[in-house]
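A.B. asks: With the sequence up front, the predicted model follows.
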Amino acid sequence: MLLQQQLDGDKPEQKDSCAPLLQVRNLKKYFPITSPFGRLKGHVKAVESVNFDLYEKGTLGLVGESGCGKSTTGRSILRLIEPTEGSVNYRGKELLQLNQSEFKGFRKDMQMVFQDPHSSLNPKKRIGELIEEPMEIHKIGTKAERMERAMDLLKRTGIREDQYFRFPHEFSGGQRQRIGIARALAVDPSIIVLDEPVSALDVSIQSQVLNLLEEIQDEFKLAYLFISHDLSVVRHTADEIGVMYLGHMVEKAPTDDLFANPLHPYTKALLSAIPIPDRKQRRERIIIKGDVPSPIDPPTGCVFHTRCPFVMDQCKTIKPEMLQQSDGHQVACHLYN
Amino acid sequence: MEDCPLLEVKELRTRFSSEKGTITAVDGVTFRVDHGETLGVVGESGCGKSVTAESIMRLLNEKSTRYDGEINFKGRNLLSLPEKKMLDIRGNEISMIFQDAMTSLNPVFTIGDQIAESIIVHQNLGKREAMEKAVEMLRLTGIPSPEKRVHEYPHEISGGMRQRVMIAMALSCKPSLLIADEPTTALDVTIQAQILEVINDLKEELNMGVMMITHDLGVVAEVCTRVAVMYLGQVIEESDVDTLFDSPRHPYTRGLLKSIPTITGDRSQKLHTIQGVVPALDNIPKGCRFAPRCPYATDQCISESPLLEALENGQKIRCWHHEEIMKREGVTDVITTAT
């Protein structure tokens, strides 16, 4: 079938199956703040030197509170916003060096599912067209083939095929999120960035969508970058988790390790703050005081030192390095030096 | 007066007239809140939990809304009070905190002015005294340097701080009932923990009754003493919080509890799902409202709607087959062991 060949054909061969699919190094994104007359007043330091690898069929969870830069990280690697600095290496190709037309070929391999299913689908288009659109842009298949694939994807994501001609407003939030997923799958990507994919959904619907994501990951051999503020959701889906705070990745570890043995004081506080829906498992809570500082003028030294219960003198001046503690468990904190 | 419950809602029915005809958003809801307790009202979007709260405060547009039943607050039926009397109760004896603090605060007044306003209206204090009281309230909610903060505008402070301002405002007249409608849903977990602690501390200090509306069962486990689970405008299960988490009886509650990913459960297992979606309010199933999504539904469930049945251990349940279900799932029957 022509369509399938086109989808598979131009995907660069993975030489080594253990090598990461995507390597992100020193990713930085500063948003300039200008006065009404265009004078530069400063920068919002949204993401500051973030490093991670993404493996085939693997899921990396990015967690943190609002404003920690997790979404900016996701958008930067897809170049939906241009990162200020850093390197994003996909199957050995440096993505940030490419110009827009060269990059277009790679967009097909990296798709995104957004948080709000109500605003991420064009209300004037039928859902069938919405799913075909990415294939059209990348000139994949004939019209009939595209339609067939759209039908298949609808069925696969749990929407009846006869709803192909319906409009987004006719669907519930959970169904719209399924359409968003079908749309991301249309061009057969190898990486999907999921930006809070279930945060807008009710619990009974949330579990349906999470299970669907898990099923298609195996089926379509996908790597996920799963961005969420909800640690319990990330725990369920991710193999590895990166915890972000004020633009920095403060801890990164395999999921089970992170929950069993959190090292960074922020991770500990974050974990202890999650209300557990089980009365028997109540535990000591670390309540960190105050609010997240402004990313325009982040604290010197360790960014968490203004709220950290274990703050020492060196935390205020020296920025901690991300250091390996045990196998795959990295933490940026002076307590572990 | 003292021995009557703080708030007693009896068979409350709230109906809206709309283009699609009359819509019953709340259908026969009954519960009570006593002094010093926190009743959690949980359910998914569209289950009528917020409309119940707005009915108690009588915040809905009364031209297109019809109430039936009783809302007895300290022995008085709020539904039969004239609007003028309601003004003395709203914000004074019953206060409400909303989910979105940014849109609930007035952007053109300082936060001090907004807290002082309700004190001036309800307590006949002068502006200067009211301001002092506002500072005191802000300090109570844990805002640092409140004497400076009172002169700031809502946009100058963070989300968590705004929610504290809302709490300060709601509690400034020392209400006996606080209705919190998803007070922490828009906040980050670390800030949520702070806010829940503030509400809990103040509840004890003022011996208030709290009605906590939330969709988050984690929050319920954390702060509530009793819980009412709502589905499509009805209470389907009510019990004290330990019973709800130890032996939930309604298939919906059981499904809901099983489908939440937790930070302690088994990660390798697939999440439990409740099939289907919540039906629209203009298309309510005839029998049991949960029947179309219930794995145990029988013909009886589809044709006849069950009543809220009170069990010996104080648990209330709206399900035809809860006893069989508990037996079938191999759960030891709490009632027989309790009696």
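C.D. replies: Cool, the structure landed.
A.B. asks: Phi, psi for the closest residue to chain A within the stretch 151-300 of chain B please.
C.D. replies: Shortest the stretch 151-300 of chain B-to-chain A distance, computed as CB to the nearest CB: residue-wise this is residue B:218, at 3.2 Å. In this view, the C-beta of every residue, glycine as well, is placed from N, C-alpha and C. Dihedral angles phi and psi of residue B:218 (degrees, to the nearest 10) take the values phi -60, psi -40.
A.B. asks: Residue A:192 is in contact with residue A:22, correct?
C.D. replies: No. Using CB atoms under 8 Å, residue A:22 is not in contact with residue A:192; the gap is 11.5 Å.
A.B. asks: Mutual contacts of the two, please.
C.D. replies: When contacts are counted by CB atoms under 8 Å, 6 or more residues apart in numbering or on different chains, residue A:22 and residue A:192 have residue A:223 as shared neighbours.
A.B. asks: okay, and the helix or strand of chain A with the least pLDDT?
C.D. replies: Of the helices and strands making up chain A, the lowest-confidence element is helix A:2-9, at a mean of 61, by mean pLDDT, DSSP states H and E.
A.B. asks: Can you give me the domain assignment for chain B?
C.D. replies: B:1-93+B:177-281, B:103-172 (automatic domain parsing).
A.B. asks: May I see the ones you listed organised as a markdown table, with mean neighbour count and mean pLDDT added?
C.D. replies: Supplementary listing: the domains of chain B in a markdown table, determined by neighbours: other CB atoms under 10 Å in any protein chain shown; pLDDT from 0 to 100:
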| stretch | mean neighbour count | mean pLDDT |
| --- | --- | --- |
| domain B:1-93+B:177-281 | 19 | 90 |
| domain B:103-172 | 19 | 90 |
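A.B. asks: Which residue is the nearest non-sequential neighbour of the residue in the stretch 201-337 of chain A positioned nearest to chain B?
C.D. replies: With distances taken as CB to the nearest CB, the stretch 201-337 of chain A approaches chain B most closely at residue A:275, which sits 3.2 Å away. Of all residues not flanking residue A:275 in the chain, residue B:218 sits nearest, at 3.2 Å (CB to CB, 6 or more residues apart in numbering or on different chains).
A.B. asks: from memory the one you found sits against residue A:274, does it?
C.D. replies: Yes. With contact defined as CB under 8 Å, residue B:218 reaches residue A:274; the gap is 6.7 Å.
A.B. asks: Would you map the helices across chain A?
C.D. replies: With DSSP state H as the criterion, chain A has helices at A:2-9, A:70-77, A:100-107, A:127-137, A:143-156, A:173-185, A:203-219, A:231-237, A:255-260, A:265-273, A:313-317.
A.B. asks: And the contacts of the shortest one?
C.D. replies: Contact with helix A:313-317 is made by A:299-302, A:305, A:308, A:334, as judged by CB under 8 Å, 6+ apart.
A.B. asks: pLDDT below threshold where in the stretch 101-250 of chain A?
C.D. replies: Applying pLDDT under 70 to the stretch 101-250 of chain A flags no residue at all.
A.B. asks: Over to residue B:134. Which of the three states is it?
C.D. replies: Reducing the assignment at residue B:134 to three states with DSSP: H, G, I helix; E, B strand; the rest coil gives helix.
A.B. asks: What is the burial count for residue 291?
C.D. replies: You didn't pick a chain, so chain A it is. Using other CB atoms under 10 Å in any protein chain shown, the number of residues around residue A:291 comes to 20.
A.B. asks: actually chain B
C.D. replies: 23.
A.B. asks: got a pLDDT number for it?
C.D. replies: The score at residue B:291 is 94. That number is its pLDDT.
A.B. asks: The one 3 residues further on too?
C.D. replies: Among the per-residue scores, residue B:294 shows a pLDDT of 92.
A.B. asks: Next, it: phi, psi?
C.D. replies: phi -90, psi 130.
A.B. asks: need the contact list for residue A:214.
C.D. replies: Applying CB under 8 Å, 6+ apart to residue A:214 gives the contacts A:237, B:270.
A.B. asks: What score does the residue in chain A sticking out farthest from the centre have for pLDDT?
C.D. replies: Going by CA atoms, centre = their mean, the residue of chain A most distant from its centre is residue A:37, 35.1 Å out. For residue A:37, the pLDDT comes out at 87.
A.B. asks: Relative to residue B:111, how far out is residue B:156?
C.D. replies: Per CB to CB, to the nearest Å, residue B:156 is found 9 Å from residue B:111.
A.B. asks: next one: residue A:219
C.D. replies: To residue B:111, residue A:219 is 52 Å away according to CB to CB.
A.B. asks: again with residue B:230
C.D. replies: With distances taken as CB to CB, residue B:230 is found 33 Å from residue B:111.
A.B. asks: same question, residue B:16
C.D. replies: Distance from residue B:16 to residue B:111, counting by CB to CB: 34 Å.
A.B. asks: looking at it, residue A:292 is touching residue A:246, isn't it?
C.D. replies: Yes. Checked against CB under 8 Å, the pair residue A:292 and residue A:246 is within contact range at 6.2 Å.
A.B. asks: Mind listing the shared neighbours of the two?
C.D. replies: By the contact definition CB under 8 Å, 6+ apart, residue A:292 and residue A:246 are jointly contacted by A:67-68.
A.B. asks: Pull the number of nearby residues for residue B:283.
C.D. replies: Residue B:283 has 7 neighbours, counted by other CB under 10 Å.
A.B. asks: got a list of what it touches?
C.D. replies: Going by CB under 8 Å, 6+ apart, residue B:283 touches no other residue.
A.B. asks: Assign it to helix, strand or coil.
C.D. replies: Criterion first, three-state DSSP; result for residue B:283: coil.
A.B. asks: Between its first and last residues, what's the separation in stretch B:37-45?
C.D. replies: For stretch B:37-45, the first-to-last residue distance is 25 Å (CA to CA, to the nearest Å).
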